[in-house]
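>>> I need the structure of the sequence given here:
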Amino acid sequence: MVSERLGQYIDQKGLSYYAFENSLGAGRGSISKAVKEGKSIGSNVIENILSQYPDLNPIWLVTGRGSMFKQDDDFLLNKSIDAFPLRTDKNLESQQIPLYDIEAVAGLVPLFQDRTTQTPLDYISIPRLPKCDGAVYVTGDSMYPLLKSGDIVLYKEVNDIKNEIFWGEMYLLSMDMSGEEYITVKYIQKSEHQGHVRLVSQNKHHQDKDVEMSKIKALALVKASIRINSMN
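Residues are numbered from 1 along each chain as shown. As a prediction, this is how the structure comes out:
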């Protein structure tokens, strides 16, 4: 039903019904009542909604087919997406993932400490991905050819670094290197040295490195990567 899907869209956008109704110039409670009671929504109201919210996919709204957000259906036309889910992951039909500028937020540590104070560059919407907390641009070639500089990685933060590592998976991490923050993407494997982890690159020109776990100050499991394909 259109009203049910509209309620899902409003929730996904994080809007209140009052704000949504106000943006449409609709009477207070008119949309919330239709959604909560499963009532039909007039075609003129639907046209108004689609004009005010161009990211909403009209086919999904009316029929339930396709993705909630319009850009999701066109996303693969100019981008390559690789997902790295765990078996326990549950994919979400849609989500708005904030894309951050690492330099602007002064590193992963302050970003993970308080995301509410950070302003994203943009939001990424990709259907049927595991829950992600954010996304950042990759620099360096340690994971080439799987990742190259300029690609985007989507991540899920790890709160308990000592106990929540899935060995052999790919991680975005921040390390303390002589008082400076070093941010990289690596596979994390078990180390033969007590209190250490082994960082492994996809690029065979980079040597494996054992580092003290205590030097890892921020850690996030990489859930997907995006590469923008050039037409040149």
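>>> in this structure, which helix or strand is least confident?
Here the helix or strand of the chain ranked lowest by mean pLDDT, DSSP states H and E is helix 70-74, holding a mean of 56.
>>> For the strand ranked longest in the chain, buried residues please.
Looking across the chain with DSSP state E, the single longest strand is strand 216-228. Residues of strand 216-228 classed as buried: 216-227 (neighbour count, 16 or more other Cβ atoms under 10 Å). Every C-beta, even on glycine, is put in place using the N, C-alpha and C of the backbone.
>>> Over to stretch 54-63?
56-57, 60-61.
>>> How about stretch 194-208?
Within stretch 194-208, the residues scored as buried using 16+ other Cβ under 10 Å are 196-202, 206.
>>> Just the residues contacting the longest helix seen in the chain, thanks.
Across the chain, the longest stretch assigned as helix under DSSP state H is helix 2-13. For helix 2-13, contacts defined as Cβ atoms under 8 Å, 6 or more residues apart in numbering pick out 17, 20, 31, 34-36, 38-41, 46, 49, 53, 56, 60-62, 64, 68, 94-96.
>>> Just the buried residues from the residues you listed, in ChimeraX please.
To isolate the buried ones among those in ChimeraX, judged by 16+ other Cβ under 10 Å, type:
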select :17,20,31,34,35,41,46,49,53,56,60,61,68,94,95,96
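>>> Bridged to the spatially most central residue of the chain, which residues?
Central residue of the chain (Cα atoms, centre = their mean): Ile97, 3.5 Å from the mean position. Counting by DSSP bridges, Ile97 is bridged to Ile124.
>>> just Leu172 next, same as before
In this entry, Leu172 is beta-bridged to Val185, Ala220, by DSSP bridges.
>>> ok, back up a step: can you name the two of the buried residues of strand 216-228 that sit furthest apart?
Spatial extent of the buried residues of strand 216-228 (Cβ to Cβ) is set by the pair Lys217 and Arg227 at 27.7 Å.
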